[in-house]
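Q: make a model of this:
(4 chains)
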Amino acid sequence: MKTLSSPFIWIILVVVGGASLLPILTNSVSLREDMFLMLMLVILASSINIIMGYTGYVSFGHIVFFGLGGYLAFFLMKEFQVQFMLAALVGGAGASLIAFFIGIPVLRLRGAYFALATIGINEAFRSFFTNFDLFGGAVGMFFNFSVYDAYGGAKNAGQLAYYAMVVLALVTIGTSFVIKKSKFGLGLMAIREDQDASMVLGIDPARLKVLTYTISAFFPAVAGALFFFKNGLIEPGPAFELHRSIEALVMVMLGGYGTVTGPIVGAVVYERLRGFLITDPTLSNAHLVIAGVLLLLIVLFVTAGVIGWVRQRVPALRRYLE
Amino acid sequence: MNIEALIASSIDGLMLGFVFGLMAMGLTLIFGVMKVINLGHGPFIVMGMFAILVMSQLGINPYLGLVIVVLLGLLTGIVVYFVAVHRVINAPELTTLLATFSVNMILIGALTIIFSTSPRGLDLELPSFRTGAITVLGTRFVAVLVAVGVTIALYSFLYRTRTGKSIRAVANNRGAAELMGINSSWILALSFGIGTLLAMISGGLLATLFSFTVLSGGGLEVKSFVIVVLGGLGNPTGALFGGIIIGLLESITTIFIPVSWVPVFEFVVFVLILLFRPNGLFGAR
Amino acid sequence: MFSKMTRLLWIGIVLVTLLALAACAPAPTPAPTAAPPTAAPKPAATTAPVATAAPQATTAPAPTAAPKAAEPKKLLLGFTASQTGAQQVASKKQIEGLQLWLDDVKKAGGIKLKDGTTYLPEIKFYDDESKTDRVQTLYTKLINEDKADFLLSPYSSTLVKAAAVVSEQNDKVMITAGAADDATMEQGFKKTFQLYTPASRYLTGAADALKKFVPTAKKVAIIYEKDSFSTSVANALQPYAKSIGFEVVLFEGYDTGTTDFAPFINKITAANPDAILGGGHFADGTTFSKQLFEKKVPIQFVAILVAPPEPTFKDIGDAALGIIGPSQWEPQVTFSAESAKAANLPYYGPSNKAFTDAYLAKYKESPSYHSAGGYAQGLVLQKAIEDADSVDPAKIVAALDKMNLMTFYGVIKFSTDAKTHGKQQAHGMVYMQWQKDSAGKLVTQIVWPLEAKSADAVLRK
Amino acid sequence: MSTTNSVILTIENVSKRFGGLLALDKVNLSVKEGEIFGIIGPNGAGKTTLFNVINGVYPPTEGRVKFRGEDVTGLQPFDMSKRGLARTFQVVRPLSELTVRENVTVGACFGREHLPLEKAEKVADEVLEYVGLAERKEMLASKLNVAQKKRLEMARALAARPILLLLDEVLAGLNPHEVADMLGVVRKIRDQGITILMIEHLMHAVMNLSDRVFVLDYGAQIAEGTPQEVSNHPKVIEAYLGDPKVAQRFLEGAA
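A: Now for the predicted structure:
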C-alpha cells in the first residue's frame, strides 16, 4: 500500500511507540500508569476524530462504546474465563456491531441533532446497565483477584494490559492515518464539507458514515475492555461517563480537528495539564478553573488547534504534517 | 397500583413540569436565536440555586431573591456572551460547544472553590394542602405560579416590545435583521442574558424544592436537552410543554415501572423523538 | 464599540486570573483565601500546624525504656482524597480526623519501637476528583514515586475498590475507612484491612430496632439508591427483614441523581408500609426526608443511610425530626476503657471524649463518623506498628491479623479467612436519631442498640 | 452538427410538486448523444428543479426519467453519478477545506469509473491541466476566486468521466473574458464526446453553443428546437424575450 510508504506515519508511530517503551526501560510503574491513561485518551480522541474530524459528525456520547466494550469483555472474562485479549477483541467487535445498528438511523440526523442523540444514547445505556442484573446492575462486576493468576499475578496482568494498550494505540493511529489518506477518507471529508454535493459526486453518505461509525466504535471499546480488565471492576457510572466523552472532544479540538497528529498532541497536552494541576499543591483547588480558562483561550484564539495552527502558519508543512 | 397514587403523582409531576419547562426555555431560546447549544446551562441553573441560598442565609426571602436573580442572570449571561461566545458566534457548531463547555468548567470550578460540593438545602416551609393521598406541596404551587408568570413576561417581552421583536427578527434571519439596522451583537448578548436568567430563575425555584450541590447542574442540563428536543429546538412554548410532558412522564411511569427504569424509558423516548420527530412533538413542519 | 467592550472584558479576565494565581502562589500558609474555613490542608503540607487546643490524648502506653531521642524516621502514609466532586464532604471529614491523629502522634513524640527507633508519620495525598480513573494512577504514583510506606484509603466504596486493586498489585498494606462494600473485601485481598462495618450489616439493626420500637409493625418498604454500596445494603436487608417476620411490600431502587421523590413517595404510600428502610447518599437522603415531611406521610419509623449522621442534615429543619440513621460511630458512643474491660478486650488510644473535644476545638464542628473513621485509620496502623515492633509489611499484616481490641471508634477485628481476608468482623453499627432537646433544638441521639442508647427513640408522627 | 446519434436522456411527462407549488408541469424532452442541449427560461421557471429531478436530488412527483435506455426515476444522486451523470451547481459548492486537487480527485474516485485513489489523482492532474487550474492544485478550494471555483466545479464533474454533463449556469458571475474562456472549455468537452445539458441565462452564449434549446416557463415547456426556431417562436418571444428585435440581436451576437 502506498499510504504506508509515507515516512510521516512511521515517524509518528516510532515516536508514540518509543514513548510507550519509556516506562519499560526506566522500570517505572507510575510512569507506566500515566502512559496507560494517556494512551487510552489518545485512542479515545483519535477514534472520535475519525467520526468527527473526518466526517464532521460531533459524537458527544462516544464514550458509550468504551463502556459497552468494557462490559462485554468483562462479562466474558469473569463468567467464561476468556483470555483478556480475546475478550477485548470480542468486546470491540460487539460494540462495533451495536454501533452499526445504532448508526443506521442516528446518522441520518445532522449537526446539533446528532450530537444530542449521541448524548441520549449514552445516557440510555448507562441507565439500562444500572438496571441490568446480568451485568451486575448498579453494583457492577468485579474480579476475584485469582483471575489475574492466569496472567502471572495482578502485577504482571497490569503489564500485559499496558502492552496491549500500546499496540491498540499504534493500530488506532495507523488506522486513522490510513483512513485519512485513502479514497474512503477522501469520501468522508467530502461529506464533512458538503454532504449534498458529495452525493452528486457519487458518494453514498449513509453507507460511508455507518461504516465509519462502526470503525470508530471499535477502538474505544477495546480500550475500555483493557482499562476495566486492569481496574478489576466495572460499574455503570465510570463506564458511561459523559464527561470523559466531552473531554475527549476537547482534546481533539486542542490538537487539531481532522488531523492524525492533532488528537495525539491534544490528548497528551490535556492530560499532562490536568495531571499537573491536580497534583500541584497550590493549583489543585483551582484546577478546573485554570483548565477552563486555558481551553477557552484556545477555542477563541487558536480555533484550528495546535496542529491546525502549525499547518496554517507553515504551509510547507501541510504535506508532511497530517 | 392505585388510582389515588396515580392522581397524586400526576399532580406532583405536572407542577414540577412547569419548573422544568422554565429551565429548558433558557436553553431553547439561546439555541433559537443563535444556534448555540449552551453547555454552560447546567452551571447557570446551579448559580441560581446558590444565589437563592446565599440570599436566604442573608435573611432575604427566597421568592424575593428571585428578583435579584433576574438581574444577576441577565448580567452573567451578557458577560459570558461577550467573553466566551461573541468571538466564535459564526464559527462551526463545535467551536461554540467547546467555548460554552469551558465556561461550564470555569463556573463549576469557581463554585466548587466557593461553596464546596457539599449538598445544600433551603429550610423553607410553606403549608401544603392535603386531601386523602393527594398532597399539593406549597413550595411547588408557588413555583408553578412563578414559572407561569415568567413565561407570560417573556412572551409579552418578545411580542410586545421593540427589543423583543428585534430578538425574534435576529432569530429568524440575522443577516436580514442587520440590514434592517438591528445591532445584532447587542441583541445576541441580550438573548444570551435572557436565556441565562431563565436558567437561573428555574435553579432558584428548584432550590426551594430539592436539596442540591454544585454538581446538580449536570443532570438537569441533560434533562433540559431532553425537554428541548421534545418541544422542538428553539421553540420556547414547546419547551414549556416539553417540561410538563417530562414531569408527567416521570411521575406517572414511576407508578407503573420500577423507578430506576424511568431514566431508561426517558432517554429511549428522547432518542426516538429525535429520530422520528426531530422538530419536536409540536414541530410546525 | 463592542469589540472594545470585549477587549475590556478580556483584560478583566486576565487580571482576575493573574490575581488568583498571585494569591495562591506564595501561600503555603494555612490560610487559603478562597477556600472554605475548614478547607482540607494542601497536599504538599505533609504535616499540619499543631492545633492550639491540647487534648489529653492518651496515646499508646509508651514502652518503658526512654532512649535518647534519636532522630525520628519518616513514615509516609499515602492516599487520595476527593477534594472535588461528589464525595468531597465525607472525604474532607475523613482527612480531618486523620489530621487530628497526626497531631496526637506528634505530640506524643512519634511512634516508638522497643529498640528506641521513632517513626514520625507524615501524609501525602492527591485529589482524585471522586473519580475511579484517577485513583489508580495516583496510587501508583504514591507507591512508586512518593515511596509511601503505608496506604490509607480514599472515601467511598467505589474509589476504595479501585485503590485496593493497585495496593494489592504492589503488595502494600492499606487500611481502609469509608468503604463498607462487602464485595470489595471478598476478592481475596491479602493486605487490605477494613475498618467500617460492612454494608450487609448496615441496616439489619434498624430492622431489629423497628421490631422493638413498633411491635405492631408488619410491612416494610425497602428503597435504595441504585449504586454499589446502597444496593448491597438493601440486598442484605431484604432477606433479614423477612427472616424476622416482616413483609417487604416494596423493594425498589432509584437512580443515582434522582432529585424529585414526590411520585416515588406516592408509590410508597400506596403500598402502605409501616416503616421505610433504605436510602443512599447525602443529597438524595435529605431530599427524600424533606419531601416525606412536606407530604406529611404518616409513617412512624424511617431509617435511611449516610445522610442522617451528617451534622448538616439538620439544615432541612423539622423534616429531620425522627429520622433514624445507621452510623459507624457517634459522639455519644460509650466505648471506654471500662467497657473494654467488661468485654475482656484491651482498650487503645484516646477516650471518646478526648477525641470529640479535640476535634471540636480544632475544626469548630462536631465530628461525624467519617471523621472518626479517619482517626481510626491512623490509630489502627499505629497500634499494628507497635504490636509488630517493626514497620516491615509482613509483620504489620501479622499484627493486624491478630488485632482484637476496642478504641473510641469501637471494636476492631479483621477476618483472617482467605476468601474474606481483611474484612471487618467485630465493629458494629449504632443507630442515631434526630430529636429535639429541651430547648427545642435539633440534636442527635443514639437510640439503638439499647445498651448504647443516649436517649429513647421517638416515633415520627 | 452530428445530432443524428441515439437518444441518451429522456424525460417523460415529469411533474414536480412542492406542497402547493407546481415546479414542473408535465415536461418532456430528449437529449441525443453528443449534443449540447440548452435550457432557458426566466427565474423560477423550474430549470434547476429539472436538473435536480434528473440527477436524483429529489424524485419526480410523476413521470419517468430514462438514461441510456434505463429507467432511472427516483435513483439517488450517487447512483446517477455511477451511471455517468455529472453536474455542476448554480451556486458553487467547493469542498472548502480540501485542496483543489483533492476536490477533483473526489470526482474521479466516486464517479463513473470509480477509480482507485492513485489513478484518480492522475486523472485529477490531467483535468486540472485541461481547465487551467494546474498551478493552483495545492490551494484550499475556499481560497479560489469565483471564476476559479466555477472551473473547479467543472473539473470535478469532468474527472468523473461522465457521459452526460449537466451544467447549471457555469457562466453566471464571470466577466466577458472569463466567459470566453469558459465557452472554449465547454466546447472542448463536447468535442471529447460528452453530451452536455446546460442551463444558462446568458442568452447569446446559449444560442451560440447549443445544438438545440428548450424553453421552460412556470414549470411548463413552451418551446423546443434549434436556437433559430426557438428564438422565432412566438410564445418564447412573448414569455421570455419580450421583443422580437431583442431575439434577433441575441442571435446576431451569437453569430
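
Q: please make it C-alpha for all contacts and neighbour counts, starting now.
A: Fine.

Q: enumerate the residues of the stretch 1-150 of chain D near chain A.
A: D:55, D:57, D:77-82, D:86-87, D:93, D:95-98, D:102-103, D:106-107, D:109-112, D:116-117 (CA under 8 Å from any CA of the partner chain).

Q: shaky segments in chain A?
A: A:1-4, A:281, A:284, A:319 (pLDDT under 70).

Q: helices or strands up against whichever helix in it runs longest?
A: Secondary structure of chain A read by DSSP state H shows that its longest helix is helix A:153-181. The contact analysis (3 or more CA pairs under 8 Å, 6 or more residues apart in numbering or on different chains; DSSP states H and E) places helix A:153-181 against helix A:7-26, helix A:29-49, helix A:205-231, helix C:157-169.

Q: which ones among the residues of the stretch 1-150 of chain D next to chain A lie within strands?
A: Using DSSP state E, D:86-87 are the members of the residues of the stretch 1-150 of chain D next to chain A that sit in strands.

Q: and the residues of the stretch 1-150 of chain D next to chain A, which are buried?
A: Buried members of these, scored by 16 or more other CA atoms under 10 Å in any protein chain shown, are D:55, D:57, D:77-82, D:86-87, D:93, D:95-98, D:102-103, D:106-107, D:109-112, D:117.

Q: where's residue C:137 relative to chain D, distance?
A: 40 Å (CA to the nearest CA, to the nearest Å).

Q: nearest residue to that residue in space, please, no chain neighbours.
A: Distance criterion CA to CA, 6 or more residues apart in numbering or on different chains; nearest residue to residue C:137, sequence neighbours excluded, is residue A:33 at 5.4 Å.

Q: how about the residues of chain C near chain A?
A: Counting by CA under 8 Å from any CA, chain C sits next to chain A at C:24-25, C:27-28, C:42-44, C:83, C:126-127, C:131-133, C:136-137, C:140-141, C:144-145, C:161-162, C:165, C:168-170, C:186-189, C:226-229, C:231-232, C:255.

Q: separate out the buried members of the residues you listed.
A: For these, buried by 16+ other CA under 10 Å: C:24, C:42-43, C:83, C:126-127, C:131-133, C:136-137, C:140-141, C:161-162, C:165, C:168-170, C:186-189, C:226-229, C:231-232, C:255.

Q: sort out for me which of those are in helices.
A: Going by DSSP H, the helices hold C:24, C:132-133, C:136-137, C:140-141, C:161-162, C:165, C:168-169, C:228-229, C:231-232 from those.

Q: partners of the closest residue to chain B within the stretch 351-461 of chain C in the sheet?
A: Closest approach between the stretch 351-461 of chain C and chain B, counting by CA to the nearest CA: residue C:442, at 13.3 Å. For residue C:442, the beta-bridge partners under DSSP bridges are residue C:436.

Q: am I right that residue A:58 is in contact with residue A:113?
A: No - the criterion here is CA atoms under 8 Å, and residue A:58 misses it with residue A:113 at 9.7 Å.

Q: in terms of neighbours, single out the busier of these two.
A: residue A:58 (23 against 20; other CA atoms under 10 Å in any protein chain shown).
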